[in-house]
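> output the structure for:
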Amino acid sequence: MVYAVVRAGGRQEKVEVGTVVVLDRQKAKIGASIELPAVLFVDGDAVTTDADKLAKVTVTAEVIGEERGPKIVIQKFKNKTGYKKRQGHRQDLTRVKVTGIK
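Residues are numbered from 1 along each chain as shown. Sure thing, here's the model as predicted:
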């Protein structure tokens, strides 16, 4: 079994070839190919964590689409002062499919 753990937008994701992953927004068009930096590489029983060897590992992915995450509601309230504030946020996300680990 060959898989890698890649760094993607402040998080780490375990990916194999064919895996579809939702990442933070990437600056790439739909259908474009991107490279993700590997943090860990596993090829059968061999586990690679050395930075020099990981520099040679390339994880390529194809951008499938862009989407937005769920709505997050932020509410602030101070008792007895009449202060109320309501704010919302939706994160921009990119869906990618891993095409190769070399």
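> so which residue is dead centre in the protein?
Among the residues of the chain, the one closest to the centroid is residue 23, at 3.0 Å (Cα atoms, centre = their mean).
> and the helix or strand containing it, what other elements does it pack with?
In this structure, residue 23 sits in strand 20-24 according to DSSP states H and E. If you count contacts as 3 or more Cβ pairs under 8 Å, 6 or more residues apart in numbering; DSSP states H and E, strand 20-24 packs onto strand 2-8, strand 11-15, strand 59-68, strand 92-101. C-beta here means a position set from N, CA and C on the backbone, and glycine is covered the same way.
> and these as a markdown table, adding mean neighbour count and mean pLDDT?
As requested, the helices and strands packed on strand 20-24 are exported to a markdown table (neighbours: other Cβ atoms under 10 Å; pLDDT from 0 to 100):
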| stretch | mean neighbour count | mean pLDDT |
| --- | --- | --- |
| strand 2-8 | 19 | 94 |
| strand 11-15 | 15 | 95 |
| strand 59-68 | 16 | 97 |
| strand 92-101 | 17 | 96 |
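> between these, which one is nearest to residue 48?
Of all the helices and strands packed on strand 20-24, the one in closest proximity to residue 48, counting by Cβ to Cβ, is strand 2-8 (9.1 Å).
> neighbouring contacts of the closest one?
Contact partners of strand 2-8, identified using Cβ atoms under 8 Å, 6 or more residues apart in numbering, comprise 12-17, 21, 23-24, 36-44, 57, 59, 101.
> and the residue lying farthest from the centre of the chain, what's its pLDDT?
Within the chain, residue 80 marks the point farthest from the mean C-alpha position, 42.7 Å out by Cα atoms, centre = their mean. pLDDT, residue 80: 97.
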